[in-house]
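Asker: okay, sequence plus prediction incoming.
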Amino acid sequence: MNEKKRLSAEYTMLSILEYLCINSQSGPLSKYHILTKVSVIKQQRHDRISEILNILEENGLIGSIKISDSTFYEITDKGNRAYHKWVKDFLTFVRSM
């Protein structure tokens, strides 16, 4: 039986933050890019990812730039510090289980 693995919102959120920390240094990334490139969230609903991006932005961990009808996201200094202070270690721990 092929069982879908359900990921917590927190794990998904921290995985997105990690991806942005590692990959948005060269410029902001679109939601589409995030959805297609972050392998652990490919099965997540688009509205759930939008909600998570909003939470990350409301907490100052990421920023958004609106261009025409698209929104692009990038890590903030606060998000970068959080990732290097504890998120990286937490994700390593969870993934090792």
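Answerer: Structure received. Residues are numbered from 1 along each chain as shown.
Asker: list the contacts for the residue nearest in space to the middle of the chain?
Answerer: Centroid-nearest residue in the chain, with C-alpha atoms, centre = their mean: residue 16, separated by 1.3 Å. Applying C-beta atoms under 8 Å, 6 or more residues apart in numbering, we find residue 16 in contact with 34, 38, 41, 49, 52, 53, 56. Bear in mind the C-beta positions are built from the backbone N, C-alpha and C, glycine included.
Asker: residues near residue 24, how many?
Answerer: By other C-beta atoms under 10 Å, 21 other residues sit near residue 24.
Asker: surely it and residue 74 touch.
Answerer: Yes: at 4.2 Å, residue 24 counts as touching residue 74 under the criterion of C-beta atoms under 8 Å.
Asker: same question for the one helix or strand the residue nearest to the centre of the chain maps to, mean pLDDT?
Answerer: Under DSSP states H and E, the secondary-structure element containing residue 16 is helix 9-23. Helix 9-23 shows an average pLDDT of 91 in the prediction.
Asker: what about it, distance to the chain center?
Answerer: Distance of helix 9-23 from its chain centroid, counting by C-alpha atoms, centre = their mean, to the nearest Å, is 3 Å.
Asker: partners of the next helix or strand after it, with directions?
Answerer: Proceeding N to C from helix 9-23, the next assigned helix or strand is strand 29-30, under DSSP H and E. Here strand 29-30 is paired, per DSSP bridges, with strand 70-75 (antiparallel).
Asker: how about the CA coordinates for the partner strand, as PDB?
Answerer: Taking Å, rounded to 0.1, in the frame of the first residue of the first chain, the C-alpha atoms of strand 70-75 are listed here in PDB:
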ATOM      1  CA  SER A  70       3.300  37.400  -9.000                       C
ATOM      2  CA  THR A  71       4.800  37.400  -5.500                       C
ATOM      3  CA  PHE A  72       8.400  36.500  -4.900                       C
ATOM      4  CA  TYR A  73       9.900  35.500  -1.500                       C
ATOM      5  CA  GLU A  74      13.300  35.900   0.100                       C
ATOM      6  CA  ILE A  75      14.800  35.200   3.500                       C
END
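Asker: understood, closing this out.
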